[in-house]
Each structure stands twice: as C-alpha cells, then as structure tokens.
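J.: model this:
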Amino acid sequence: MSTKPNSPPAESWALDGREVDLLHYIYNRPDIKEIRGNPKKVLSAIDTYNIEFSFLMNIGATKGEFITNIIAERKPSVMIELGGYIGYSAILFGDAIRKNGGKQYLSIEKNPEMAAIADRLVELAGLRDYVRIIVGSSSEVLRELITETKEIEAVELIFIDHWQELYRPDLWLLEELDGLKPDKSVLLADNVIVPGTPDYLEWIQATTPEAKREILSRSNFGSLKPNPDLVYDSHVQEFDTHIGHVGLP
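T.: From the prediction side, this is the model:
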C-alpha cells in the first residue's frame with residue numbers, strides 16, 4: 001500500500017498540531033454522545049476532519065477494507081501494528097479483531113504525543129478492552145513482547161506502517177526472534193512502492209535461500225540475525241493508484 005506518487009514528504013502531513021486539533025474537533029462536535037462507544041462513528045469523524053480541515057496519514061477506506069477482509073479470513077487472536085499514528089488503523093482493525101473473535105490489537109507507536117492521541121480515540125471508540133497502545137521503538141517493543149514478557153509466541157498478523165527504513169531491520173528482527181512461522185504468519189506492509197522500501201521488497205520477494213544469502217553478502221545487518229531459509233509467498237496488491245504488499249512466510 002502506498003501514498004500517491006509525487007506527494008509531498010510525510011513530514012509536511014503530520015506533527016504540526018493538526019493531530020491535537022483533531023481531538024478538539026471531535027470532542028466539540030454536537031454529536032459527541034452518539035460518537036462515544038461507536039468505532040464506526042469515531043472513524044467517520046476522523047474522515048470528516050481529514051476531508052474538511054487537514055490531511056491525516058491514515059490507512060483510508062479502500063486499503064482498510066482490504067485488511068479487515070484479511071482479518072475476517074484469518075481470524076487472528078492477536079494482531080500487531082508498527083506505527084500507530086493517531087489510532088485510526090488501531091480502531092478500524094481493533095474493531096475487526098473484536099468482531100472476529102480475537103483478543104487484542106497491539107499498536108506500537110514511538111511518538112508519545114501521537115500515542116496519547118491514539119489512546120484517547122481508542123477510549124472514545126469503546127475499544128479499551130481490545131486495543132492496547134504501546135509507547136516505544138518497534139525493535140525494543142517486539143523484543144519485549146516475544147522474548148521478555150512472551151506475550152507473543154508467533155506473529156499471526158502484523159501491519160507494518162512506520163518509517164520505511166525500519167521495515168527490513170524489523171523484519172530481520174522478527175526472523176531472528178523466530179517470531180514468524182510458515183503458514184501461520186501474515187505480513188502487511190504499507191508504502192512499499194511510494195515512498196518505497198526497495199530493500200524490504202528485495203528481501204521478501206527473494207524466492208530461494210541462495211538469493212537471500214547473496215543479499216546478505218552485500219548488506220549491513222549489524223548484530224541482527226536474518227534467516228535466509230525463511231522464504232515468503234508474497235504479492236503486490238494494487239488499489240487504483242495505491243499499491244499494497246502482502247507477505248506470507
């Protein structure tokens with residue numbers, strides 16, 4: 001999934017006060033009582049702000065429906081998100097997790113201000129029992145969830161939507177931690193074409209362990225321990241001018 005070609009840089013779309021303004025807009029709406037406890041209406045209010053006031057870097061309806069359909073098909077007990085922003089995807093997918101018998105949606109967001117906004121909107125949507133916003137870097141939190149608290153034995157479904165330069169390192173970390181299981185784990189990654197994550201795509205689309213070892217021979221992976229024997233069944237899904245990637249090890 002990707003942003004539109006020739007779009008301005010992400011920095012011009014966020015973290016300039018619009019996210020706090022969104023909270024004021026929603027809580028000052030005359031229909032706030034009807035919005036409270038209703039995930040669909042919270043998302044609709046965010047969409048209205050996005051259209052009428054300031055653009056927000058949310059997943060959007062088309063790509064959102066694609067992922068909620070995967071949730072309905074796979075029915076994961078727990079889903080993880082890397083990069084939560086204001087909580088739009090956490091509300092949309094967390095509600096889908098709830099409707100399909102799942103237990104929890106874990107949204108990892110490094111920026112504490114964005115995490116606080118997401119937390120308030122999740123609370124407003126009435127999803128506190130299903131959605132947990134975790135403040136911290138993706139690599140630190142993934143290590144904690146898998147190796148320290150052992151909340152996650154194997155990743156069932158993960159949505160990667162943070163900084164593009166972290167996509168491959170975090171994927172390699174999941175491989176190192178043995179968090180990805182063949183026929184059990186599904187990866188969903190946004191923005192892989194535009195702005196683009198060529199190193200992530202090269203790794204996940206390599207079709208043999210030999211091809212992956214060749215990639216490692218010319219890559220700097222530091223202390224990470226990627227698993228070249230883990231080959232993914234991957235494809236790119238197009239949505240008009242938007243493109244999405246799905247990976248299944």
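J.: quick one: contacts for the residue of the chain positioned farthest from its centre?
T.: Using Cα atoms, centre = their mean, the residue of the chain lying farthest from its centre is P30. It sits 31.3 Å away. Not one residue lies near P30 by Cβ atoms under 8 Å, 6 or more residues apart in numbering. All C-beta atoms are positioned from the backbone trio N, CA, C, and that covers glycine.
J.: now the strands for this protein?
T.: Taking DSSP state E as the criterion, the chain carries its strands at 78-82, 104-109, 131-135, 157-160, 186-189, 233-239, 242-248.
J.: I'd like the mean pLDDT over the second one, please.
T.: Okay, so that is strand 104-109. Averaging pLDDT along strand 104-109 gives 98.
J.: Ok, stretch 165-174 next?
T.: 98.
J.: Then stretch 130-138?
T.: 98.
J.: repeat for stretch 239-249
T.: When pLDDT is averaged along stretch 239-249, the result is 50.
J.: Surely P209 touches Y232?
T.: No. The pair P209 and Y232 fails to qualify as a contact (Cβ atoms under 8 Å) at a distance of 11.7 Å.
J.: one step back: would you mind giving the strands of the chain as CSV with mean neighbour count and distance to L142 added?
T.: Shown next, in CSV, are the strands of the chain (neighbours: other Cβ atoms under 10 Å; distance: least, Cβ to Cβ, whole Å):
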stretch, mean neighbour count, distance to L142
strand 78-82, 25, 8
strand 104-109, 25, 8
strand 131-135, 21, 10
strand 157-160, 26, 9
strand 186-189, 23, 13
strand 233-239, 13, 20
strand 242-248, 20, 16
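J.: pLDDT wise, what is I204 at?
T.: The confidence metric pLDDT takes the value 96 at I204.
J.: Cross-check the contact I'm expecting between it and E175.
T.: No. In this structure I204 lies outside contact range of E175 using Cβ under 8 Å: 10.7 Å.
J.: More neighbours: those two, which one.
T.: Each of I204 and E175 has its neighbours counted (other Cβ atoms under 10 Å); I204 has more, 25 against 19.
J.: pLDDT below threshold where in this structure?
T.: Within the chain, the stretches with pLDDT under 70 are 1-13, 240-249.
J.: Show the end-to-end separation of stretch 71-79, please.
T.: End-to-end distance of stretch 71-79 (Cα to Cα, to the nearest Å): 9 Å.
J.: show me what contacts S77?
T.: Applying Cβ under 8 Å, 6+ apart to S77 gives the contacts 102-104, 156.
J.: Would you reformat those as CSV and include distance to S139?
T.: Shown next, in CSV, are the contacts of S77 (distance: Cβ to Cβ, whole Å):
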residue, distance to S139
G102, 24
K103, 24
Q104, 20
E156, 20
